[in-house]
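A.B. asks: fold the following and give me the result.
(one chain, ligands or ions: 1)
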Amino acid sequence: MSDTTVSQSAVETLDIRSSSPVSGTNAALGEEVAVHLHPQGIPLFITPVSRRLKTDIAAFKAWLVDHEEAIDKLLLRFGAVRLRGFPVKGPEQFGHVMSHYPVAAMGYKGGGGPRAEIAGRVMESTRTEKDRFIPLHHEMCYQRQWPLKLAFYSNIVASSGGATTIGDIRRFEAKIPQRILDEVRKRGVLYRRNFRDGRVPTEGWSGQLLNIHRPWQEAFFTEDKADVEAACEAGGLEWQWLDDGSLQTEIRKSGFVTHPVLGTSHWFNQISNLTALPTSARQWYTLTPEDERNGGRYPNAVLFGDGGTIPAEDVKLLRQIEDEIRVDEPWEAGEIFILDNILCTHGRTPFEGKRDTLIQFLGSGSND
Ligand SMILES: [Fe+2]
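C.D. replies: Coordinates of the predicted model:
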C-alpha cells in the first residue's frame, strides 16, 4: 500500500440507537422521525419511526418539503445531516425528493474532479480512483460561485471503505495556528489550474495523472474554445491557452467566506487539498518522474495570492489537523447526506468493490 492511501477495514455502520438523542430537535421534525447525534459530534442522523416514512416515497417527499426549514436550522447547528432508513431507491428518486431545493447556478463547469452528469441535477460524486484518499475540502470554493449545500446519495455501498468523510470547520479552525490564519488573511490565495487538451496523445502518462489532469473538453463540457472562454469570463477566471493546447486558469480568492445566514467568517479554501506537493503523503495524486513529462504543468496548484509558495510544513500541519477531526462513518444504501458547504468539509476514503455515490448541488453562493 502506498503512502497516499489509508487502510480501512470493513466496518459496521453505526448503530444509531446507541448514540445520543438530541434535545430540542424532535419538536421541529415531528413524531414520525428519531434524531441522534454521531458520537464524534457530527453528523446528525434523522431516521423514520413511522411505517409510512419507511416505505412510502411520496410520504417521505412530503415530509421533506414540510420540514425543509427545520432541517436548514439543524444544518446551521451541525453542518451535516444524514437521512438514514428512508425509502429512496435510485438516482431518479434522489433527484425527485430533493427537487424543492434551489438549484446551484453553476453546475460543475470547470470543476476539479472527474465526474459525469447522471439525470437532471444529479451527478456522479467522483470518478477518482478507488485507492485514492480524497482529503477534506469545501466544494468548488476555488470558483466565483460555489454550492451552498451538497446532498450526497448512496446508490451502491462499497464492500469496504468508501465513506464520505466529513470535518466540522469550526473544530478545524479552533486548531489552526493563528499565524497561518493571519498569513492567509493577509495574502489571500491564488488557484492556478491546467486543463490538458484531450486531443493530444498521452502515451506514458500514469493512470492517476490522466484521471486527475482533466481535458478542458471534459471539464467544460464542450469542444469549442469560445465556449470555454465564455465560461471562464463568467466564472471570474483569468485564462490563457498554452502552446501544448492546454488551458491555464487563475483566480484569486480571500481564502475565507462569510456565512450567508450566520454572518460568521470561515476558512474556505483548498490549500490543504490542492497544493502541489509531489512527495507528500496523503496527497490526492502523487506526481511520478514520468508525469513530469507534461512539463510540470500541475493540474492544480495553490499559492498565496501574491504568487508566493505556501510552506509545505504548513500544508502538512493542516492535513494533520484534518485527520484529527475527520469522521469516516460508512454508508448505508439509500442514505441521503446533506452538508452545509461552508460549515462542513468533505472527502472520500479509499474503498474496495463497487461504489456508486451521487451528488446534487443545492443553491449557490459567491464571494471574493
Ligand atoms: Fe467534493
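
A.B. asks: hey, where'd the strands end up in the stretch 101-250 of the chain?
C.D. replies: Assignment of strands within the stretch 101-250 of the chain using DSSP state E, counting those that start in this stretch yields the ranges 117-119, 122-124, 134-137, 145-156, 160-161, 164-168, 189-195, 238-241, 247-253.

A.B. asks: may I have the strands that pair with the helix or strand hosting residue 46, each with its orientation?
C.D. replies: Residue 46 belongs to strand 44-48 when assigned by DSSP states H and E. Here strand 44-48 is paired, per DSSP bridges, with strand 33-37 (antiparallel), strand 80-83 (parallel).

A.B. asks: state which helix of this protein is the longest.
C.D. replies: helix 312-325 (DSSP state H).

A.B. asks: what angle separates it from strand 164-168?
C.D. replies: For helix 312-325 against strand 164-168, the angle by axes from the mean of the first three to the mean of the last three CA atoms, to 10 degrees is 100 degrees.

A.B. asks: contacts for the strand holding residue 46?
C.D. replies: Contacts of strand 44-48 from elsewhere in the structure, counted by CB atoms under 8 Å, 6 or more residues apart in numbering, are 14, 16, 19, 22, 25, 29, 32-38, 54, 60, 71, 74, 78, 80-86. C-beta here means a position set from N, CA and C on the backbone, and glycine is covered the same way.

A.B. asks: what residue ranges in this structure are flagged as low confidence?
C.D. replies: Flagging of the chain using pLDDT under 70 yields the residue ranges 1-26, 105-119, 206, 208-209, 274-296, 368.

A.B. asks: partners of the closest residue to residue 42 other than its chain neighbours in the sheet?
C.D. replies: Closest residue to residue 42 apart from its sequence neighbours, by CB to CB, 6 or more residues apart in numbering: residue 80 at 4.7 Å. Assessed by DSSP bridges, residue 80 has beta-bridge partners residue 339.

A.B. asks: burial measure for residue 80, as a count.
C.D. replies: 27 (other CB atoms under 10 Å).

A.B. asks: and it, what does it touch?
C.D. replies: For residue 80, the contacting residues are 42-44, 166, 168, 337-340, 344, by CB under 8 Å, 6+ apart.

A.B. asks: so what are the domain limits for this protein?
C.D. replies: Under the assignment automatic domain parsing, the domains of the chain span 16-126+146-162+328-366, 173-320.

A.B. asks: need those in CSV with distance to residue 134, can you?
C.D. replies: Shown next, in CSV, are these (distance: least, CB to CB, whole Å):
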stretch, distance to residue 134
domain 16-126+146-162+328-366, 4
domain 173-320, 6
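
A.B. asks: would you mind finding the most buried of those?
C.D. replies: Comparing those by mean neighbour count (mean count of other CB atoms under 10 Å), domain 16-126+146-162+328-366 comes out on top with a mean of 19.

A.B. asks: return the distance of residue 81 relative to residue 186.
C.D. replies: 35 Å (CB to CB, to the nearest Å).

A.B. asks: should've said residue 121
C.D. replies: Counting by CB to CB - residue 121 and residue 186 are separated by 38 Å.

A.B. asks: cool, residue 103 as well?
C.D. replies: According to CB to CB, residue 103 and residue 186 sit 36 Å apart.

A.B. asks: before we move on, what about residue 351?
C.D. replies: Applying CB to CB, the value for residue 351 to residue 186 is 39 Å.

A.B. asks: surely residue 361 is in a helix?
C.D. replies: No - with DSSP: H, G, I helix; E, B strand; the rest coil as the criterion, residue 361 is strand rather than part of a helix.

A.B. asks: any idea how far residue 98 is from it?
C.D. replies: 10 Å.

A.B. asks: equivalent analysis for residue 316, please.
C.D. replies: 37 Å.

A.B. asks: now do residue 132
C.D. replies: For residue 132 relative to residue 98 (CB to CB), the value is 27 Å.

A.B. asks: quick check: bridge partners of residue 266?
C.D. replies: Under the criterion used (DSSP bridges), residue 266 bridges to residue 257.

A.B. asks: my read: it touches residue 256, true?
C.D. replies: Yes - assessed by CB atoms under 8 Å, residue 266 is found in contact with residue 256 at 6.4 Å.

A.B. asks: coming back round to it: may I see the strands of the stretch 101-250 of the chain arranged in a markdown table, with distance to residue 177 as well?
C.D. replies: Shown next, in a markdown table, are the strands of the stretch 101-250 of the chain (distance: least, CB to CB, whole Å):
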| stretch | distance to residue 177 |
| --- | --- |
| strand 117-119 | 40 |
| strand 122-124 | 36 |
| strand 134-137 | 18 |
| strand 145-156 | 26 |
| strand 160-161 | 31 |
| strand 164-168 | 17 |
| strand 189-195 | 17 |
| strand 238-241 | 31 |
| strand 247-253 | 21 |
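
A.B. asks: nearest to residue 50, of those?
C.D. replies: Residue 50 sits nearest to strand 145-156 of all those, at 21.7 Å, using CB to CB.

A.B. asks: report the angle between the closest one and strand 164-168.
C.D. replies: 140 degrees.

A.B. asks: give the partner strands of strand 145-156 in its sheet and their orientations.
C.D. replies: Under the criterion DSSP bridges, strand 145-156 sits next to strand 336-340 (antiparallel), strand 356-366 (antiparallel) in its sheet.

A.B. asks: helices along the protein, start to end?
C.D. replies: Using DSSP H, the helices of the chain run over residues 26-29, 51-55, 57-66, 68-78, 91-97, 169-175, 178-187, 207-212, 216-219, 225-234, 271-274, 312-325.

A.B. asks: can you redo these as TSV with distance to residue 249?
C.D. replies: Output for the helices of the chain, formatted as TSV (distance: least, CB to CB, whole Å):
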stretch	distance to residue 249
helix 26-29	43
helix 51-55	45
helix 57-66	37
helix 68-78	31
helix 91-97	30
helix 169-175	26
helix 178-187	20
helix 207-212	16
helix 216-219	9
helix 225-234	6
helix 271-274	13
helix 312-325	21
